[in-house]
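**Q** Next input, structure requested:
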Amino acid sequence: MDHVDGNPDPNRRTARERLKAESERGAGRRRARRWFSVVGAVVVVAAVTGAVFALGGATEDEAEGKPLVVPADTVGEQRTSVLYGKADARHTLSVVVDPRCAPCALVEAALGRTMRELADQGAYRIEYRLATVEDDARGGQGSQRAVNALGAAANEGPEKFVRYLGAVLAGRSGREEWDGDALASADTLLGIAGRVDGLRTPAFDKAVRELTWLPWVKKVAAAHNQAGDEDALPAVSLDGAAVTVLDDDGVPVSSGEFVRQVRGGRG
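**A** Residues are numbered from 1 along each chain as shown. Sure, this is the predicted structure:
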C-alpha cells in the first residue's frame, strides 16, 4: 500500500473517490434492477402473451435443456461454493466475488495471496462464493459467462481455479478486455485462461464455448441472491463474522491487518 503523509497524492485520492462512486452507483443499479425484475415477472405472468420480459433472458435460453453438472471441489448445501484449502479445517473463510466487480479486483490483488497462504497453513479453508450481480447492475452477461469459465477451472482443481480467478479479476483494473461486457466473449475468457499453466485443454475450451456449466451458474447466482448480500462486494467473513477488507476510502487493508483480524488479534 502507498504510505500516507502530510501531502497525499491527489491522483490517489481521485482514484479512491472514483472507486467509491462506482461502488455506490453499482449498489443503486442493483437495487433498481431487482425492483424492475420483480415488476417484470409480474407483468409477464399477468399478460400471458408468451412474450418474455426478464433481465438476462438470453442466458436463460442458453441454459435451457443443458444437464446440470457440478464442478469438483464444490461445497455447500447445493454445492454452489468452490473450496480451496483443507476440507477438515476448523474455520471457514467465505469470500464473495463477482468477476466484473472492481473492488473485488483490488482485494484480490492486495490480499488474495495472503488469504490462500493462511489456508495452505490450515488456519481455515476458503469457500469462494461467486456472484453475477454486476450483470444486473451494468447489463450484459459477462459475469455469468465468466462464472461458467470459473466452474470449468474449478473442475480442473482448486489451484487452477484460484489462479484463473486471480487472472480474471486482474484485468478488471484496466486491461482492454474489461471494456464494456467483454467477459461475455469466449475468446476473451480463453485468452485469460492461457495465462494459467495447464488450464487450456480441449475439455476446458469446449466448456467455455458451449457454456457447459451454465445451469450450475444459475444455481450459484440464486444462492447468492437468497443470501441477501448483493450490495456488499467483495464480502469476506470468518465463521460468519465479517472481516474488513476495504477501508472507508475503498482501499484494501494491509495484509498485516487482515491477518490480525482472522487470527483474533494474535497476529
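**Q** Where in the chain is the helix or strand with the lowest mean pLDDT?
**A** The weakest-scoring helix or strand in the chain, judged by mean pLDDT, DSSP states H and E, is helix 10-47 (a mean of 46).
**Q** Just the CA atoms of the host helix or strand of residue 187, as CSV, please.
**A** Assessed by DSSP states H and E, residue 187 sits inside helix 186-193. Provided in CSV are the C-alpha atoms of helix 186-193 (Å, rounded to 0.1, in the frame of the first residue of the first chain):
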residue,chain,number,x,y,z
ALA,A,186,-15.4,-16.8,-25.0
ASP,A,187,-12.3,-15.6,-26.8
THR,A,188,-11.5,-13.2,-24.0
LEU,A,189,-12.1,-15.8,-21.3
LEU,A,190,-9.9,-18.4,-23.2
GLY,A,191,-7.2,-15.8,-23.7
ILE,A,192,-7.1,-15.2,-19.9
ALA,A,193,-7.0,-18.9,-19.3
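**Q** and whichever helix or strand comes after it, which residues are buried?
**A** Counting by DSSP H and E, the element after helix 186-193 in chain order, helix or strand, is helix 202-210. Residues of helix 202-210 classed as buried: 204-205, 207-208 (neighbour count, 16 or more other Cβ atoms under 10 Å). For every residue, glycine as well, the C-beta is placed using N, CA and C.
**Q** Kindly reformat those as TSV containing pLDDT and distance to residue 74.
**A** Shown next, in TSV, are the buried residues of helix 202-210 (pLDDT from 0 to 100; distance: Cβ to Cβ, whole Å):
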residue	pLDDT	distance to residue 74
204	97	17
205	98	21
207	97	15
208	98	18
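**Q** In these, find the pair that's most separated.
**A** With Cβ to Cβ as the measure, no two of the buried residues of helix 202-210 lie farther apart than 205 and 207, at 7.3 Å.
**Q** Could you pull out the helices in the stretch 1-150 of the chain for me?
**A** With helices called from DSSP state H, counting those that start in this stretch, the stretch 1-150 of the chain shows them at 10-47, 57-63, 102-120, 133-138, 142-156.
**Q** Next: the stretch 151-267 of the chain.
**A** Using DSSP H, counting those that start in this stretch, helices in the stretch 151-267 of the chain cover 158-170, 186-193, 202-210, 214-227, 255-262.
**Q** now for those, which one comes closest to residue 117?
**A** helix 255-262 (9.2 Å).
**Q** So which bits of the closest one are buried?
**A** Under 16+ other Cβ under 10 Å, the buried positions of helix 255-262 are 255, 257-259, 261-262.
**Q** What is the nearest of those residues to residue 142?
**A** residue 258 (28.1 Å).
**Q** how much space between the closest one and residue 110?
**A** 9 Å (Cβ to Cβ, to the nearest Å).
**Q** so where's this protein uncertain?
**A** Applying pLDDT under 70 to the chain flags residues 1-61, 172-179, 227-231, 265-267.
**Q** go with 80
**A** Scanning the chain for pLDDT under 80 picks out 1-65, 171-180, 226-232, 265-267.
**Q** picking up where we left off before, could you dump the buried residues of helix 202-210 to JSON lines with distance to residue 132?
**A** Formatted as JSON lines, the buried residues of helix 202-210 follow (distance: Cβ to Cβ, whole Å):
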{"residue": "204", "distance to residue 132": "20"}
{"residue": "205", "distance to residue 132": "22"}
{"residue": "207", "distance to residue 132": "17"}
{"residue": "208", "distance to residue 132": "16"}
